[in-house]
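>>> Coordinates for the following, if possible.
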Amino acid sequence: HMAPFSYVDEDGNVTGFDVELAQELCKRKGWKLVLKPIEWDARDEELNENKVDCVWSAFTIDGRETQYAWSKPYFNNTMVPIVKKDVEITSLADLNEKTVQVQSSSSELNYIEHNIELALSFKKIIQFKEFDEAFEDLESGECDMILVDNPDGLYMIKNSHPNFKILNVTLASEQYGVGFQKENTTLRDDVQKTLDEMFKDGTVDRIAEKYSDYGIPQNLVRP
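Alright, predicted model coming up:
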């Protein structure tokens with residue numbers, strides 16, 4: 001899951017900020033929305049084989065600018081380190097020779113791989129697929145830190161892991177967009193037009209307000 005952007009709630013419904021945006025957009029277009037959970041590292045295959053029309057789930061544009069037809073950015077994200085509350089870690093320097101977990105195929109992994117000095121300072125870098133598994137590893141001491149998007153971290157801490165904290169360190173800032181097949185600019189433009197209307201009439205802000213605990217309204221990029 002990419003909570004609070006797209007996740008399954010307690011009643012088994014797929015929801016989240018991105019999901020609610022897509023639902024409203026499809027309603028306005030008269031399109032039938034099919035929500036398809038995918039393995040994050042299989043997204044290109046899903047798109048290129050036309051199994052999905054777009055990827056809309058906390059999807060980072062930075063570093064992938066030329067790989068997709070992108071919507072305009074709609075969210076400013078920051079990457080943050082999460083550690084146990086009771087550990088003596090207050091800065092990145094304290095993570096020297098520590099084990100770090102990042103999601104596979106994520107912008108966090110990309111960031112670390114392009115910052116060799118930072119990568120070499122860690123004892124070990126482990127890739128995870130599911131957030132729950134990473135947080136269990138942090139709990140058990142299997143790793144010392146998880147590097148995640150700020151809203152994901154806030155969501156996990158508030159809803160299931162109150163004994164963890166976000167370090168007051170911003171590693172990188174980036175922007176989210178909706179990604180389409182590179183050639184599919186027609187669909188991208190169609191979606192963008194309606195998304196712009198949803199921003200203008202206040203719908204995006206209204207939906208975002210429900211997720212104010214996770215910094216979404218404050219970090220929207222308005223057209």
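
>>> Tell me who's in contact with Q181.
L47, N48, Y68, A69 (Cβ atoms under 8 Å, 6 or more residues apart in numbering). Where you see a C-beta, it was placed from the backbone N, CA and C, and this is true even at glycine.

>>> Let me have the residues you listed in TSV, extended by secondary structure.
Written out in TSV, the entries for the contacts of Q181 read as follows (DSSP: H, G, I helix; E, B strand; the rest coil):
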residue	secondary structure
L47	helix
N48	helix
Y68	coil
A69	strand
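
>>> farthest-separated two in the residues you listed?
Using Cβ to Cβ, the two most remote members of the contacts of Q181 are N48 and A69, lying 12.6 Å apart.

>>> what ranges do the strands span in this protein?
Assigned by DSSP state E, the strands in the chain fall at 7-8, 14-15, 54-55, 69-70, 75-84, 99-103, 124-128, 145-149, 164-166, 172-176, 179-180.

>>> Work out the sheet partners of the second one and label each with its direction, please.
Put plainly, it is strand 14-15. strand 7-8 (antiparallel) (DSSP bridges).

>>> for the partner strand, the distance to its chain's centre please.
Here the centre of strand 7-8 is set off from its chain's centre by 13 Å, with Cα atoms, centre = their mean, to the nearest Å.

>>> for the nearest residue in space to L118 that is not next to it in sequence, what are its contacts?
Nearest non-adjacent residue to L118, counting by Cβ to Cβ, 6 or more residues apart in numbering: I112, 6.1 Å away. Contact analysis of I112 by Cβ under 8 Å, 6+ apart lists V100, V102, L118, A119, F122, I125, L147.

>>> tell me the pLDDT at I112?
For I112, the pLDDT comes out at 92.

>>> Can you give me the distance of the residue nearest the centre of the chain to M145?
Of all residues in the chain, the one closest to the mean position by Cα atoms, centre = their mean is A58, 3.5 Å from it. Taking Cβ to Cβ, to the nearest Å as the measure, A58 falls 20 Å from M145.
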